[in-house]
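# Please find the sequence and the predicted model below.
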Amino acid sequence: MLRLKNEATYNDNPSLGKTPVYSPVDIANYISGENRELYPDNNWRDMFYKKLTTMSRANINVTGGSDKFTYFTQVNFMHQGGQFKTTNERYKSGFNTNWFNYRTNVDIKVNKYLSSYLRLSGNVRRDRAPGSDAFITRSRDYMKICIGAERIFTVPLTPAVYDQATGEMLDPGGKLVVEEKNTYSIYGVLNRMGYNKATSVNINSQFGLDLDLSFVTKGLKLGGYIAYQTYGYNSLTAIQSNELVKRKTTDDPSVLAFETIGTTKDSELSYGKGYSSYYHLDYRAYLDYQRTFGKHNVQATAFIYYQNLSKADMGSSNNVLPFNTVLSGVEAAYGYDNRYFVKSRSGLFCDRAVRSRSPLDRYARYFRRVESGERTFYEKCEMAERV
């Protein structure tokens with residue numbers, strides 16, 4: 001590869017002649033491997049990629065019931081380890097994910113006409129990643145590092161320096177080594193730039209009733225549900241800066257020396273927290289009718305839906321946004337011989353948002369849609385009132 005680097009340099013600018021980047025002496029020293037600090041030969045994939053990483057999952061399913069009552073429950077846990085090697089002993093910075101989720105469905109037949117159901121689900125997830133989001137946003141640069149010739153022949157950290165006469169340590173080393181044109185250190189991101197921990201919790205629940213009104217007329221059904229969802233996200237970020245150095249050119253090629261690049265200095269971890277959450281309550285009631293008379297099929301639905309949502313973001317600023325939505329509509333459809341169909345929809349949509357330090361906004365929309373064959377006719381009227 002050293003000879004190829006020399007050849008590539010000449011091909012880029014033949015006018016300079018065949019002035020090698022690596023001399024025959026350099027190539028011989030790299031091949032001999034007698035001084036890997038001065039003439040390193042790194043396999044970055046082996047240095048930072050694990051040969052094996054695991055993902056484990058365990059789950060339990062329980063189901064049962066009778067002709068009046070049925071239930072289903074599932075509990076699942078998943079653990080995903082990281083694929084990168086980390087050596088930091090002060091804190092854990094490697095990728096790690098633990099995910100727990102559950103689901104429960106219960107259906108009850110109260111009597112001949114009335115039935116109810118309950119739906120519960122949720123999950124808790126904890127993630128850890130190195131260096132905040134620096135690793136993810138610079139992943140393409142990391143691939144360049146893995147295959148770049150320049151990085152193969154550099155060390156990730158400066159070595160310790162000892163007095164040859166007394167053996168006393170003059171410099172503990174451990175500085176991050178980069179290049180002047182590429183100051184991204186994969187070792188630094190994995191081990192020296194901090195970490196990010198995040199926990200998210202999501203919970204859903206729904207309770208509903210269905211009433212068969214066939215005793216009034218065949219095909220008629222009344223129903224509704226109440227639903228609740230909440231979500232919370234909590235993050236802890238620890239960031240650390242580091243002094244960067246590069247290989248220094250000296251008159252004596254047998255001397256290994258480094259010099260500081262940039263103005264960044266070593267620092268302790270600085271911590272930051274973030275939090276966001278929301279919850280909403282949903283209410284829906286509907287009346288359905290569906291019946292077939294020979295070749296004629298008739299369907300109709302009327303419904304009303306209401307949602308109350310609140311959101312909170314806490315970090316650099318606080319933002320609380322209550323939000324109410326009301327949606328109602330009717331739909332009618334007719335089919336003949338399972339070949340010809342026509343459908344009509346009409347509804348009213350209203351929402352109301354309350355924003356801190358801003359006026360109250362109200363919106364109302366009315367829409368009507370008629371569908372026939374392959375053509376769709378759509379009319380919309382929108383009204384906005386600002387208070």
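Yep, that arrived. Residues are numbered from 1 along each chain as shown.

# And the residue nearest the centre of this structure?
Asp127 (9.8 Å; Cα atoms, centre = their mean).

# That one: helix or strand, and which one exactly?
Using DSSP states H and E, Asp127 sits in strand 114-130.

# before we move on, what about Ser200?
Assigned by DSSP H and E, Ser200 falls in strand 194-212.

# same deal with Tyr187?
helix 186-191.

# One more: Ala8?
Taking DSSP H and E as the definition, Ala8 sits inside helix 2-12.

# Could you pull out the helices in the stretch 1-150 of the chain for me?
Taking DSSP state H, counting those that start in this stretch as the test, the helices found in the stretch 1-150 of the chain are 2-12, 24-32, 44-48, 134-137, 139-147, 149-152.

# Flag every buried residue along the third one.
Residues of helix 44-48 classed as buried: Trp44, Phe48 (neighbour count, 16 or more other Cβ atoms under 10 Å). Every residue, glycine included, has its C-beta placed from N, CA and C.

# average pLDDT for it?
Mean per-residue pLDDT for helix 44-48: 82.

# How about the last one?
Within the predicted structure, the mean pLDDT of helix 149-152 is 51.

# again with the fourth one
Confidence over helix 134-137, taken as the mean pLDDT, stands at 52.

# repeat for stretch 330-343
The average of the pLDDT scores along stretch 330-343 is 93.

# And for stretch 70-80?
The pLDDT scores in stretch 70-80 average 96.

# and it, how far from the chain's centre?
Its chain's C-alpha centre and that of stretch 70-80 lie 22 Å apart, by Cα atoms, centre = their mean, to the nearest Å.

# Enumerate the positions of that stretch that are buried.
Across stretch 70-80, burial judged by 16+ other Cβ under 10 Å covers Met78, Gln80.

# Identify the residues contacting it?
Residues outside stretch 70-80 that contact it (Cβ atoms under 8 Å, 6 or more residues apart in numbering) are 55-65, 95-107.

# again, only using 6 Å
By Cβ atoms under 6 Å, 6 or more residues apart in numbering, the residues outside stretch 70-80 that reach it are 55-63, 65, 97-107.

# Show the pLDDT at the closest residue to Asp67 other than its chain neighbours.
Leaving aside its sequence neighbours, Asp67 sits nearest to Lys109 (Cβ to Cβ, 6 or more residues apart in numbering; 7.2 Å). For Lys109, the model assigns a pLDDT of 95.

# what number of residues lie near Leu256?
Number of residues near Leu256 (other Cβ atoms under 10 Å) recorded here: 17.

# List the contacts of it.
Counting by Cβ under 6 Å, 6+ apart, Leu256 touches Glu37, Leu38.

# Tyr10 versus that one, what's the distance?
Here Leu256 is placed at a distance of 27 Å from Tyr10 (Cβ to Cβ, to the nearest Å).

# quick one: whichever strand or helix holds His280 to chain centroid distance?
Under the criterion of DSSP H and E, His280 resides in strand 270-293. In this view, strand 270-293 has its centroid 21 Å away from the chain centroid, taken as Cα atoms, centre = their mean.

# Return the list of helices and strands in contact with the next helix or strand along the chain from that strand.
Going down the chain from strand 270-293, the next helix or strand is strand 296-314, by DSSP H and E. The contact analysis (3 or more Cβ pairs under 6 Å, 6 or more residues apart in numbering; DSSP states H and E) places strand 296-314 against strand 270-293, strand 323-336.

# Distance from the last one to the middle of the chain?
Between the centre of strand 323-336 and the centre of its host chain there is 34 Å, according to Cα atoms, centre = their mean.

# before we move on, what about stretch 290-302?
Here stretch 290-302 is found 45 Å from its chain centre; the criterion is Cα atoms, centre = their mean.

# For it, measure first residue to last.
12 Å (Cα to Cα, to the nearest Å).

# What does the pLDDT read for the residue lying closest to Lys221 once chain neighbours are set aside?
In space, and not counting its chain neighbours, Lys221 is closest to Asp288: 4.6 Å by Cβ to Cβ, 6+ apart. pLDDT for Asp288: 96.

# So, low pLDDT: which residues of the stretch 51-200 of the chain?
By pLDDT under 70, the low-scoring segments of the stretch 51-200 of the chain are 132-153.

# Mind doing that once more with 80?
Across the stretch 51-200 of the chain, the ranges flagged by pLDDT under 80 are 131-155, 180-182, 184.

# what's stretch 12-28 in contact with?
The contact list for stretch 12-28 (Cβ under 6 Å, 6+ apart) reads Leu2, Lys5, Asn6, Thr9, Tyr10.

# how much space is there between the residue lying closest to the third one once chain neighbours are set aside and Thr9?
Sequence neighbours aside, Pro20 is the residue nearest to Asn6 in space, at 4.4 Å (criterion: Cβ to Cβ, 6+ apart). Separation of Pro20 from Thr9 (Cβ to Cβ) stands at 8 Å.

# ditto for Gln80
43 Å.

# Same check on Ser276?
For Ser276, the distance to Thr9 (Cβ to Cβ) stands at 52 Å.

# Leu118 contacts Val106, doesn't it?
Yes - at 4.3 Å, Leu118 counts as touching Val106 under the criterion of Cβ atoms under 6 Å.

# quick one, whichever strand or helix holds Lys343 and strand 296-314 angle?
Using DSSP H and E, Lys343 sits in strand 340-354. Interaxial angle of strand 340-354 relative to strand 296-314 (axes from the mean of the first three to the mean of the last three Cα atoms, to 10 degrees): 20 degrees.

# Counting by contacts, list what strand 340-354 packs against.
Using 3+ Cβ pairs under 6 Å, 6+ apart, strand 340-354 sits against strand 323-336, strand 360-372.
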